[in-house]
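Participant: what shape does this take:
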Amino acid sequence: MLQIDLHISALKEGNETALCFFMDHFGHALRYFAFSYLRSKTDAEEIVSDIFIKLWNNRQKVESYESLKAFLYIATKNACIDLKRSTRFKMQTEELDILQHMSIAEDDILKKIFRTELTELLLSEINMLPKQQAAICKLSFLEGRTTAEICETLNTSPSNIYYARSKALLALKERFKSKNFEYLFLISMAALQLFKP
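Facilitator: Residues are numbered from 1 along each chain as shown. Below is the predicted model of the structure:
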């Protein structure tokens, strides 16, 4: 955590390399988090870019890693809600208070953060599967597409989808088992269903 603290100090001092560090550290998870609200990769990327600009403009208010992380997730959530409501009101007071005084986030955001972090873990394993299996897993488990939609997207038959999906699940289960993370695999799969937006 010492390295993180050094990056936070550098960020507060106006070091752009520190901002890049946090963009790399949180960027992918935040884009997925935004996508879980909006179902648009373009909008999710734009929102996350804006959030990092907002972080840069308020960098001197950052006090800890926990407040920084909460700020990024809450600011992203608020921006998604704003976009979905098609209004431009901002919830800056809540966001800026979080930077200085960490407060307990609401259940909804905790669920989404939990789901995002589990999804990140699962995604890193899915990306190591053969190409077609990985594509089917992403479309099925991460994007919630039906078998018919996956068939149309990948130009294949339902039997190929079922076969590839079962092979992928077996491979993922074995990977998590070999790392003694089998329970995380089960939790990840349950969370994807339970917390589906």
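
Participant: in this structure residue 26 contacts residue 65, no?
Facilitator: No. Counting by C-beta atoms under 8 Å, residue 26 stays clear of residue 65, with 10.6 Å between them. For the C-beta atoms, the positions are set from N, CA and C on the backbone; glycine is no exception.

Participant: list the buried residues of stretch 55-68.
Facilitator: Neighbour counts over stretch 55-68 (16 or more other C-beta atoms under 10 Å) mark 55, 58-59, 61-62, 65, 67-68 as buried.

Participant: now do stretch 34-50
Facilitator: For stretch 34-50, by 16+ other C-beta under 10 Å, it's 34-38, 43-44, 46-48.

Participant: list the residues that contact the most centrally placed residue in the chain.
Facilitator: Nearest to the geometric centre of the chain sits residue 29, at 3.0 Å (C-alpha atoms, centre = their mean). Residues near residue 29 by C-beta atoms under 8 Å, 6 or more residues apart in numbering: 116-117, 120.

Participant: what's the first helix or strand after the top helix by length along the chain?
Facilitator: Counting by DSSP state H, the longest helix found in the chain is helix 16-38. Tracing the chain past helix 16-38, the next element assigned as helix or strand by DSSP states H and E is helix 41-57.

Participant: what's the average pLDDT for the helix or strand harbouring residue 9?
Facilitator: Element membership of residue 9, judged by DSSP H and E, is helix 2-12. Across helix 2-12, pLDDT averages out at 91.

Participant: so where's the chain shaky on pLDDT?
Facilitator: The chain contains residues with pLDDT under 70 at 1, 86-110, 179-197.
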